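Participant: mind folding the following:
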Amino acid sequence: MIVCTTIQELKAHLAQQRKNKPDGVIGIVPTMGFLHEGHASLMKRAREDCNYTVLTIFVNPLQFGPNEDFDRYPRDLERDSALAVANGIDLLFAPTVQEMYPSKPLTKVLISEVTERLCGASRPGHFDGVGIVVSKLFNLVQPDRAYFGMKDAQQVAVIEQMVHDLNMPVQIVRCETIREADGLAMSSRNVYLSADQRKQAVILSETLRAADSWLKQPGMTRMKLSKLIADSIRSVPLAEIDYAELLTYPTLSPIDANTELSALSQTIIIALAVKFGSTRLIDNRLFQLGGGDTNVQNNDEVQTSPGDRHGSEPQLCGQHHH
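Facilitator: Residues are numbered from 1 along each chain as shown. So this is what the prediction gives:
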């Protein structure tokens, strides 16, 4: 595996790769490091799909707010490199902040509407930072395919919108959330949880699973379901809800409070952000509603996003583990 820390090195190696294999498919897995099995599943899928795979590790300061955990965000490049080698990555790009932002960037990539709810509302400026760093990485690597986990489903929707609007020549590949044995979504932030917090954090995945049966109840409305979800999360004392929302996906449009969900024929998302102490965890699940049919499909079963707003459906990796 080649390790690059500068843009110049990265470009030189990629130019040589394209010269050697002009028809080769290049895949990118953008991460902030401290890799876990969720990242490994992205790397594995990229390796299966592509001739050449690039893993990027960069803790992007522009997507952290002033009171967020940029300085204490976990970092372990040596361990990450070993995991990248084990998963067949061809090139690891791990730049410094100075390398990526040698001066204050005066250009912004602002994606509207789809960023206005969920993490976009509770973390102002977060997706501005995501937009610029992902744009830079796509410009530097010029990948054919980019792999993102659906644990951060809003980020996936934002990046798909940006790629569509700017005609970026890259296919976004959605990959399912990877979970611990008890259902907790894998996250680099899980290491912050105390033993009690870790035990109670499974309420997120338990609530999302319970939504399967709640959605099938006759007369279930968005307001009723929202209350069931909130009550479920609040049943554990250490959970503090940042948001628990029901929206269409991938547009992230609101659903009227009194709409009977069984009447809808589209993909919806139940998205959660819950704090345990100072640690903020996110989780979500997609459900395909059938229009008068309460036989709900959850995102363990849906293989593509049927309501994708752009016509060409992104691929969805079947990597959901419980």
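Participant: show me the longest helix that occurs in the chain.
Facilitator: helix 126-141 (DSSP state H).
Participant: helices or strands next to that helix in the packing?
Facilitator: Using 3 or more Cβ pairs under 8 Å, 6 or more residues apart in numbering; DSSP states H and E, the elements in contact with helix 126-141 are helix 7-20, strand 26-31, strand 52-57, helix 119-122, helix 153-165. Using the backbone N, CA and C atoms, a C-beta is placed for each residue, glycine as well.
Participant: any chance of those in a markdown table with mean pLDDT, distance to Gln142 and mean neighbour count as columns?
Facilitator: Output for those, formatted as a markdown table (pLDDT from 0 to 100; distance: least, Cβ to Cβ, whole Å; neighbours: other Cβ atoms under 10 Å):
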| stretch | mean pLDDT | distance to Gln142 | mean neighbour count |
| --- | --- | --- | --- |
| helix 7-20 | 98 | 7 | 14 |
| strand 26-31 | 98 | 7 | 26 |
| strand 52-57 | 98 | 10 | 26 |
| helix 119-122 | 94 | 27 | 18 |
| helix 153-165 | 98 | 13 | 22 |
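Participant: in CSV, list these along with distance to Val85.
Facilitator: As requested, the helices and strands packed on helix 126-141 are exported to CSV (distance: least, Cβ to Cβ, whole Å):
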stretch, distance to Val85
helix 7-20, 16
strand 26-31, 14
strand 52-57, 10
helix 119-122, 32
helix 153-165, 26
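Participant: nearest to Ile132, of those?
Facilitator: When those are compared by Cβ to Cβ, helix 153-165 sits nearest Ile132, at 10.3 Å.
Participant: and the strands in the chain?
Facilitator: Remark: strands assigned in the chain by DSSP state E are 2-4, 26-31, 52-57, 91-93, 145-149, 171-175, 239-248, 267-276, 279-288, 297-298, 315-317.
Participant: for the ones you listed, which has the smallest mean pLDDT value?
Facilitator: Lowest mean pLDDT within the strands of the chain: strand 315-317, at a mean of 52.
Participant: reformat the strands of the chain as CSV; add distance to Ile159.
Facilitator: Shown next, in CSV, are the strands of the chain (distance: least, Cβ to Cβ, whole Å):
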stretch, distance to Ile159
strand 2-4, 23
strand 26-31, 9
strand 52-57, 14
strand 91-93, 18
strand 145-149, 6
strand 171-175, 6
strand 239-248, 17
strand 267-276, 15
strand 279-288, 15
strand 297-298, 23
strand 315-317, 14
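Participant: looking at the ones you listed, which is closest to Arg117?
Facilitator: Ranking the strands of the chain by proximity to Arg117 (Cβ to Cβ) places strand 239-248 first, at 6.6 Å.
Participant: returning to what we had before: show residues contacting the longest helix of the chain.
Facilitator: Under the contact criterion Cβ atoms under 8 Å, 6 or more residues apart in numbering, helix 126-141 has outside partners 7, 10-11, 14, 26, 28, 30, 54, 56, 58, 60-65, 93, 100, 105, 107-111, 115, 119-120, 146, 154-155, 158-159, 162, 166, 168, 170.
Participant: let's see it at 6 Å
Facilitator: Helix 126-141 has contacts (Cβ atoms under 6 Å, 6 or more residues apart in numbering) with 28, 30, 54, 56, 60, 62-63, 108-109, 111, 115, 119-120, 158-159, 162, 168, 170.
Participant: now for the nearest residue to Ala271 once chain neighbours are set aside, how many residues are close by?
Facilitator: Spatial nearest neighbour of Ala271, excluding adjacent residues (Cβ to Cβ, 6 or more residues apart in numbering): Asn284 at 4.3 Å. By other Cβ atoms under 10 Å, 23 other residues sit near Asn284.
Participant: isn't Asn284 right up against Asp152?
Facilitator: No: when contacts are counted by Cβ atoms under 6 Å, Asn284 is not listed as touching Asp152 (8.3 Å).
Participant: okay, and the common contacts of these two?
Facilitator: In terms of Cβ under 6 Å, 6+ apart, Asn284 and Asp152 are not both contacted by any residue.
Participant: before we move on, the earlier item: now do the longest helix of the chain: distance to the chain's middle.
Facilitator: 14 Å (Cα atoms, centre = their mean, to the nearest Å).
Participant: just the angle between it and strand 145-149, please?
Facilitator: 150 degrees (axes from the mean of the first three to the mean of the last three Cα atoms, to 10 degrees).
Participant: now helix 126-141 against strand 52-57, angle please.
Facilitator: Using the same axes, to 10 degrees, helix 126-141 lies at 140 degrees relative to strand 52-57.
Participant: just use 22 as the starting number from now, easier for me
Facilitator: Understood, numbering begins at 22; the last thing we discussed is helix 147-162.
Participant: and helix 147-162, what's buried?
Facilitator: Within helix 147-162, the residues scored as buried using 16 or more other Cβ atoms under 10 Å are 147-159, 161-162.
Participant: alpha carbons only: can I get it in CSV?
Facilitator: Extracted C-alpha coordinates of helix 147-162, given in CSV (Å, rounded to 0.1, in the frame of the first residue of the first chain):
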residue,chain,number,x,y,z
HIS,A,147,-21.3,21.3,9.5
PHE,A,148,-22.4,20.4,5.9
ASP,A,149,-20.6,23.5,4.6
GLY,A,150,-17.4,21.8,5.9
VAL,A,151,-18.5,18.4,4.4
GLY,A,152,-19.2,20.0,1.0
ILE,A,153,-15.8,21.6,0.7
VAL,A,154,-13.7,18.7,1.9
VAL,A,155,-15.6,16.1,-0.2
SER,A,156,-15.4,18.4,-3.3
LYS,A,157,-11.6,18.7,-2.7
LEU,A,158,-11.1,15.0,-2.3
PHE,A,159,-13.2,14.3,-5.5
ASN,A,160,-11.2,16.8,-7.4
LEU,A,161,-7.9,15.5,-6.2
VAL,A,162,-8.6,11.8,-6.7
